[in-house]
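K.L.:
For reference, the sequence and a predicted model appear below.
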Amino acid sequence: MASLLLVDFADELFTFLPTGTIAAIRDDLDLSYAQAGTLLTLLASGGLIGTAATVAADFVSRRLLASLGALVYGGCLLAFALGDSFVVLAVAAFIWGAASDAFVHGSQLALADLAGDELEQTLARANLLGAVGDLAGPVVAAVALATALGWRGAFAIGGVLMLAYGAWLGCQPLPRPRPDGATPWSAIRDVARDRRVWWLAAFLGVAETLDEPFLGFLIAHLTGVRGVSGATAALVVGSSLVGALVGYLGLASRSLPAGTAFLAGSTAQLVTVPAMVLVPAPAVVAVAAFAFGAAGAVLWVTLQTSVLRVRPGQAGTTWAVVATLSLPGLAFAPVVGAAADRWGLDTGIAFYVFVPVVMLALLAVHPLRSLRPWRRPSSSSRR
């Protein structure tokens, strides 16, 4: 269990390294800004291939998938440490993104099987550790850049640690998948026909618009419109991370019914998002951001739990389908940016006020009791 709970911590910690050291990488390798941006984009784009690994977790050994993903992940970190050209780093970044999905989802599905009835609390603990890794990432990058270690040293140490992690996972007796005669294609087809999966994808796509891009626009709004210093704005918005830690900590000790959690989290964001966007006082924004982060933690753990439980035996495929169907939500940030360019940042960021309204509307049209686990017919009954 310990080897699986630390997966999110490791992934959040090491995934931040390219972002936190990109300026130093660009200077040392004489990259253009376009090339630097491409590296960060390729890291996320690798997840397109990683989706196949998520489906595979329902059919192949989770131990093989998670450990192999960690080993490839470590190899990509070492490629960054040793690479001396844009091409090498670009290939490593893309493969890294795919390996991360195999590492994280293979481990997460095994963790879900081991958690049993304590799935929500277990996911909250894993996310809590992930949030700690999220906070530790900037610290590690800053220390590396401020010392003789440098960015290459940070990637080299990370690579060795991930290789060791992969070996550790490879020694664990992780639960096996139970495909029950299904094939990957038939599983995808069955999952895609489930209206509950479409609802979860819609809710995820809407909720994820209130993620890093929103916080980035909020910092820009505080500094460019409200006249707050950059350091103060970062601290104000950073209180949302502390709120998320508190939210995960609370769920780690006590679970909430899905309906209660969805409604409470969405209602809290209905109050906090307008406060963060419309109220000029930084102190009020900081308090609202703290509550916003806690609400976001509740919503995220509840979504994870719902996706993993709604179709037993097909959790990996369900994750892959939900993630794919939610992709249109990525277009929201560019729309906000275009509105800000045309009418000003005050107007552009105000679009986010309507996001919790849409979340509550989705809750109103969907009976949450239908998210109870569906039991797949046995292979004998299908015959």
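P.N.:
Received, thanks. Residues are numbered from 1 along each chain as shown.
K.L.:
I'd say A167 and S67 touch.
P.N.:
Yes: here A167 reaches S67: they are 7.3 Å apart, a contact under C-beta atoms under 8 Å. No exception for glycine: its C-beta is placed from N, CA and C like everyone else's.
K.L.:
of the two, who's got more company?
P.N.:
Taking other C-beta atoms under 10 Å, A167 and S67 do not tie; S67 has more neighbours (25 against 13).
K.L.:
Hmm, G166 and the more buried one touching each other?
P.N.:
Yes: S67 lies in contact with G166 (C-beta under 8 Å); the separation is 4.8 Å.
K.L.:
remind me which residues of the stretch 201-350 of the chain are low pLDDT?
P.N.:
Along the stretch 201-350 of the chain, the model assigns pLDDT under 70 to no residue.
K.L.:
residue boundaries of the helices in it?
P.N.:
212-224, 230-253, 258-278, 282-310, 315-325, 332-343, 345-350 (DSSP state H, counting those that start in this stretch).
K.L.:
TSV please, covering the ones you listed and showing mean neighbour count and distance to L360.
P.N.:
Converted to TSV, the helices of the stretch 201-350 of the chain look like this (neighbours: other C-beta atoms under 10 Å; distance: least, C-beta to C-beta, whole Å):
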stretch	mean neighbour count	distance to L360
helix 212-224	18	17
helix 230-253	19	19
helix 258-278	20	5
helix 282-310	23	12
helix 315-325	24	20
helix 332-343	14	17
helix 345-350	17	18
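K.L.:
Could I get those helices in a markdown table, plus columns for distance to A146?
P.N.:
As requested, the helices of the stretch 201-350 of the chain are exported to a markdown table (distance: least, C-beta to C-beta, whole Å):
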| stretch | distance to A146 |
| --- | --- |
| helix 212-224 | 23 |
| helix 230-253 | 17 |
| helix 258-278 | 32 |
| helix 282-310 | 27 |
| helix 315-325 | 37 |
| helix 332-343 | 31 |
| helix 345-350 | 33 |
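K.L.:
Out of those helices, flag the one nearest G153.
P.N.:
Smallest distance to G153 across the helices of the stretch 201-350 of the chain (C-beta to C-beta): 25.9 Å, for helix 230-253.
K.L.:
Run the angle between that closest one and helix 258-278 for me.
P.N.:
Orientation of helix 230-253 against helix 258-278 (axes from the mean of the first three to the mean of the last three C-alpha atoms, to 10 degrees) gives an angle of 170 degrees.
K.L.:
Distance from helix 230-253 to the middle of the chain?
P.N.:
Chain-centre distance of helix 230-253: 16 Å, with C-alpha atoms, centre = their mean, to the nearest Å.
K.L.:
any idea of the angle that helix forms with helix 212-224?
P.N.:
Using the same axes, to 10 degrees: helix 230-253 against helix 212-224 is 150 degrees.
K.L.:
Could you check how many residues crowd around P138?
P.N.:
P138 has 13 nearby residues by other C-beta under 10 Å.
K.L.:
wait, W185
P.N.:
The burial count for W185: 9, using other C-beta under 10 Å.
K.L.:
so what's it scoring on pLDDT?
P.N.:
Model confidence at W185, given as pLDDT, is 88.
K.L.:
what does the one 4 residues further on give?
P.N.:
For R189, the pLDDT comes out at 91.
K.L.:
quick one, the helix or strand hosting it and helix 315-325 angle?
P.N.:
According to DSSP states H and E, R189 maps onto helix 184-192. Using the same axes, to 10 degrees, the direction of helix 184-192 lies 60 degrees away from that of helix 315-325.
K.L.:
Show me what counts as buried in helix 184-192.
P.N.:
Neighbour counts over helix 184-192 (16 or more other C-beta atoms under 10 Å) mark 184, 187-188, 190-191 as buried.
K.L.:
Same question for stretch 80-96.
P.N.:
Buried, per 16+ other C-beta under 10 Å, within stretch 80-96: 80-81, 83, 86, 89-90, 92-96.
K.L.:
Mind picking the two most distant members of the residues you listed?
P.N.:
A81 and F94 (17.0 Å).
K.L.:
Please report how far D180 lies from D190.
P.N.:
Between D180 and D190 the computed distance is 11 Å (C-beta to C-beta, to the nearest Å).
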